[in-house]
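Student: just to be clear, the model below is a prediction. Sequence and coordinates:
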Amino acid sequence: KFRIAMEHQTIVTDGKTVWLYSRANNQVLIDYYKDDAQSFSPEKILLRAPDNFYSTFLRKEQFNGDTLALIKLTPKEERSQITSMKIWIDSKDSLMKKVELTDASNNITSYIISSITVNAKVADEMFQYVPDKTTEVIDLR
């Protein structure tokens with residue numbers, strides 16, 4: 001289960017269904033959640049990186065007043081959609097502060113994590129997306 005709210009889109013899954021909301025289109029795509037080995041999702045970074053990537057410590061950097069360790073991840077599988085990933089980890093609490101993905105087309109996507117709450121009690125409703133009446137719904141299930 002995860003919920004990622006970004007400036008232009010929101011991605012939500014309860015582990016069975018996935019909702020992709022586009023703010024620009026005011027549209028939500030609904031589909032079955034598929035655990036694709038080549039796709040990106042938070043749990044793949046958090047839980048599967050040691051199994052799927054080689055890691056290299058690059059250096060320490062300052063970011064927003066914090067000292068972060070910069071780690072580069074390179075996929076073990078050649079056919080991965082992600083050709084490299086950089087993760088900035090806070091030296092104080094060992095939590096990610098930034099992630100940068102480079103895909104097979106050399107597109108770079110960066111995520112800056114503004115807040116993380118560890119061991120928070122989260123209601124199941126947070127892992128479902130309920131569009132308002134003005135949102136176009138495209139259900140692919």
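Tutor: The structure has been received and is ready for your questions. If you're wondering where the values come from, they're calculated on a predicted model, not measured in any experiment.
Student: please confirm that residue 126 is located within a strand.
Tutor: No - assessed with DSSP: H, G, I helix; E, B strand; the rest coil, residue 126 is helix; it does not lie in a strand.
Student: ok, now which ones touch it?
Tutor: Neighbouring residues of residue 126 by C-beta atoms under 8 Å, 6 or more residues apart in numbering: 3, 12. To be clear about C-beta, it is placed using only N, CA and C from the backbone, and glycine gets the same treatment.
Student: if we use 7 Å, what do you get?
Tutor: For residue 126, the contact set (C-beta atoms under 7 Å, 6 or more residues apart in numbering) comprises residue 3.
Student: again, but for residue 97
Tutor: Applying C-beta under 7 Å, 6+ apart to residue 97 gives the contacts 63, 66, 68, 88, 90, 113.
Student: as a markdown table, the residues you listed with distance to residue 51 would be great.
Tutor: Shown next, in a markdown table, are those (distance: C-beta to C-beta, whole Å):
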| residue | distance to residue 51 |
| --- | --- |
| 63 | 27 |
| 66 | 28 |
| 68 | 24 |
| 88 | 21 |
| 90 | 23 |
| 113 | 22 |
